[in-house]
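Colleague: Output the structure for:
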Amino acid sequence: MSEEYLVGLDVGTTLAKSLIFDLEGKIVGYGDREYDVIFPKIGWVETDLEEIWEKTIAAIREAIKSMKINPRDIKGISVTNQRQTVAPVDKNGNPLRKAFSWQDQRAIREIEWITNRIDKTELFQITGLPPGQWYPITKILWSKRRQPKIYVHSYKWLCVHDWIIWKLSGVFATDWSNASETMIFDINKLDWSDKLLDLYKIDRDKLPEARPPGTLIGEITETASKLTGLKKGTPVILGAGDQQCSALGVGNVLPGRFSMCSGTSLVCEAYLEKPVFDRNMLCLTSCHAVPGKYVLEVGNTACGIIYKWFRDNFGYAETEVARNLGKSVYQLLDDEASKIPPGSEGLVVYSYFLGDPGFPYFTSRERGVIMGLLTKHTKSHLARALMEGIAYKARHAIDSVEKVVGRKIREVRHVGGGAKSKLWNSIYADVCGVRIAIPEVTESGALGAAILAGIGCKIYDDIEAITDRLVKMKYTIEPNIKNRDIYDKIYSKVYIHAYDRIAEFNRELARMFTIT
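Modeller: Numbering: from 1, shown residues only. Here you go, the predicted model:
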């Protein structure tokens, strides 16, 4: 085993993970800790940065202890994070309020304010993003309107990546990929947009300096060393957003590559050498974890969180059995779903269960739909239909990306919690008509962060070459032609058309229960 290691911190929506890798990309240490997500009102979602830091500390210590690694052998550390979650801090880095989660939907008026002042197409050409209230700028503007004293006293507005970098090194900074998720960043010039700053009336000095991923930004401070167990002076390197780091960690670093993450949300990404703008504004463009490169992204906020909802509300028996057997409850649910034929005997699910502002509608007034329900349908039917519904969404995303990039996608490198399910992988392959490839290291976000750490401390010198060397596929699944034919009919004759016909009724329901 190598005596030199790299640390990738993956600070997600509900879980902080610390992974220690040797220089060949093998995991040699692991620790994690959960933290709370706070729901003050309907549509409001917050998180506590101090709790996130406390749990990150514990995860780092656990990872070091798990393999009795000497901290002096850790040559660098980097961070990947839940994107778009943002909070104001003072000059000493103390949070002035709870962080606004990326899931937060309170800033409806702010989006209306923005779109009344700048053409959507112009905004898209600058930022690569369509208007949406999950972007940090909307929470900053909400704060200016609703909590003006907090805005006035704020020194910096930080994403979770930036906060962890600050706690480790004492340096305020962000990277291009996280900056490109704020709706303030010019992805063409790779800098904060003066035009948008002027439009929003936001002070540039309230934003951290944006620099390339993989930049050596500082060192572990004495305080951080005492808390985490990391050696004082260990290099701290800028990381990237979770989806960009995940793309890096599965080798999505060359033209023609495509990756997908089935985590809390579903995100699909294609590699780009330069910005490409979808004229329909369905596919987003943001900065890659590879400096100077880009990703074309399609996302939907509800994926694994829907299967968790199903587990919590319908999987009581399976949860108890799984506990007694020492197995995963999801495996038991998959076993039941696998008994149901493709197409779930006419049950079709549309996965807008969070009222989510995701592809292809980008509003906060959508609703989930379970269509075709009959008394013959069982819990097992619903379990399979949920997986199929998300796979239909993935196919819609893949079709849209293919139109923009002008090439057929043959293989999808798949990670996230959903990638642990062989049934779900098979469904994705059959619905989308592509090869599904599962990497040996499924913690791709943390691996991507570790690769950036290696670049920043000059252990690695060529990011594409080292990624292709470290990333190996564990297995692949090819589409089943018979199943593909069934799914083709459902997708083309039902799925792609039906939601548009009932969307206005769903939105009317949303208006009756307005988020304020």
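Colleague: Can you pull out the low-pLDDT segments for the stretch 51-200 of the chain?
Modeller: Along the stretch 51-200 of the chain, no part satisfies pLDDT under 70.
Colleague: if you set the cut-off to 90 instead, what comes out?
Modeller: The stretch 51-200 of the chain contains residues with pLDDT under 90 at 66-70, 82-83, 102-108, 130-134.
Colleague: how about the strands of it, start to end?
Modeller: Per DSSP state E, counting those that start in this stretch, the stretch 51-200 of the chain has strands spanning 74-81, 86-89, 99-100, 156-159, 173-175, 185-186, 191-192. These are given in chain order.
Colleague: what packs against the third one?
Modeller: Strand 99-100 makes packing contacts with strand 46-47, strand 86-89, helix 136-146 when contacts are defined by 3 or more C-beta pairs under 8 Å, 6 or more residues apart in numbering; DSSP states H and E. (Glycine included, C-beta is placed from N, CA and C.)
Colleague: Can you lay out the strands of the stretch 51-200 of the chain as JSON lines showing mean neighbour count and distance to residue 271?
Modeller: Compiled in JSON lines, the strands of the stretch 51-200 of the chain are given as follows (neighbours: other C-beta atoms under 10 Å; distance: least, C-beta to C-beta, whole Å):
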{"stretch": "strand 74-81", "mean neighbour count": "30", "distance to residue 271": "17"}
{"stretch": "strand 86-89", "mean neighbour count": "25", "distance to residue 271": "27"}
{"stretch": "strand 99-100", "mean neighbour count": "27", "distance to residue 271": "30"}
{"stretch": "strand 156-159", "mean neighbour count": "25", "distance to residue 271": "23"}
{"stretch": "strand 173-175", "mean neighbour count": "27", "distance to residue 271": "18"}
{"stretch": "strand 185-186", "mean neighbour count": "23", "distance to residue 271": "20"}
{"stretch": "strand 191-192", "mean neighbour count": "16", "distance to residue 271": "23"}
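Colleague: Mind putting those strands into CSV with distance to residue 167?
Modeller: Shown next, in CSV, are these (distance: least, C-beta to C-beta, whole Å):
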stretch, distance to residue 167
strand 74-81, 10
strand 86-89, 11
strand 99-100, 14
strand 156-159, 10
strand 173-175, 12
strand 185-186, 23
strand 191-192, 23
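Colleague: right, and those - which one's nearest residue 279?
Modeller: With C-beta to C-beta, the closest approach to residue 279 among these belongs to strand 185-186: 19.4 Å.
Colleague: partners of the closest one in the sheet?
Modeller: When sheet partners are counted by DSSP bridges, strand 185-186 sits next to strand 191-192 (antiparallel).
Colleague: Mind listing residues that contact the partner strand?
Modeller: Contacting residues not belonging to strand 191-192 are listed as 179, 184, 185, 186, 204, 207, 210 [C-beta atoms under 8 Å, 6 or more residues apart in numbering].
Colleague: Now list the buried members of the residues you listed.
Modeller: 179, 184, 185, 186, 207, 210 (16 or more other C-beta atoms under 10 Å).
Colleague: What's the first helix or strand after whichever strand or helix holds residue 426?
Modeller: Taking DSSP states H and E as the definition, one finds residue 426 inside helix 422-432. Later in the chain than helix 422-432, the nearest helix or strand by DSSP H and E is strand 435-439.
Colleague: could you give the mean pLDDT of that following strand?
Modeller: Averaged over strand 435-439, pLDDT sits at 94.
Colleague: Remind me what that strand packs against, helices and strands.
Modeller: Contacts defined by 3+ C-beta pairs under 8 Å, 6+ apart place strand 435-439 against strand 411-415, helix 422-432, strand 473-477.
Colleague: That one to strand 473-477, inter-axis angle?
Modeller: 160 degrees (axes from the mean of the first three to the mean of the last three C-alpha atoms, to 10 degrees).
Colleague: C-terminal to strand 435-439, what's the next element?
Modeller: Downstream of strand 435-439, the first helix or strand assigned by DSSP H and E is helix 444-456.
Colleague: Next, the buried residues of that next one.
Modeller: 444-456.
Colleague: partners of the residue nearest to residue 443 when sequence neighbours are not counted in the sheet?
Modeller: Of all residues not flanking residue 443 in the chain, residue 19 sits nearest, at 5.6 Å (C-beta to C-beta, 6 or more residues apart in numbering). Listed beta-bridge partners, residue 19: residue 8, residue 30 (assigned using DSSP bridges).
Colleague: tell me the pLDDT at residue 19?
Modeller: pLDDT recorded at residue 19 is 96.
Colleague: Could you check how far residue 488 is from residue 338?
Modeller: Distance, residue 488 to residue 338, using C-beta to C-beta, to the nearest Å: 21 Å.
Colleague: Residues touching stretch 302-311, excluding its own?
Modeller: Against stretch 302-311 from outside (C-beta under 8 Å, 6+ apart): 262-266, 318-319, 329-330, 333, 351-354, 356, 358, 368, 382-383, 386-387, 390, 416-418.
Colleague: how far is it from where the chain is centred?
Modeller: Put simply, stretch 302-311 sits 15 Å off its chain's centre (C-alpha atoms, centre = their mean, to the nearest Å).
Colleague: pLDDT of it, averaged?
Modeller: 80.
Colleague: in it, what counts as buried?
Modeller: For stretch 302-311, by 16+ other C-beta under 10 Å, it's 302, 303, 304, 305, 306, 307, 309, 310, 311.
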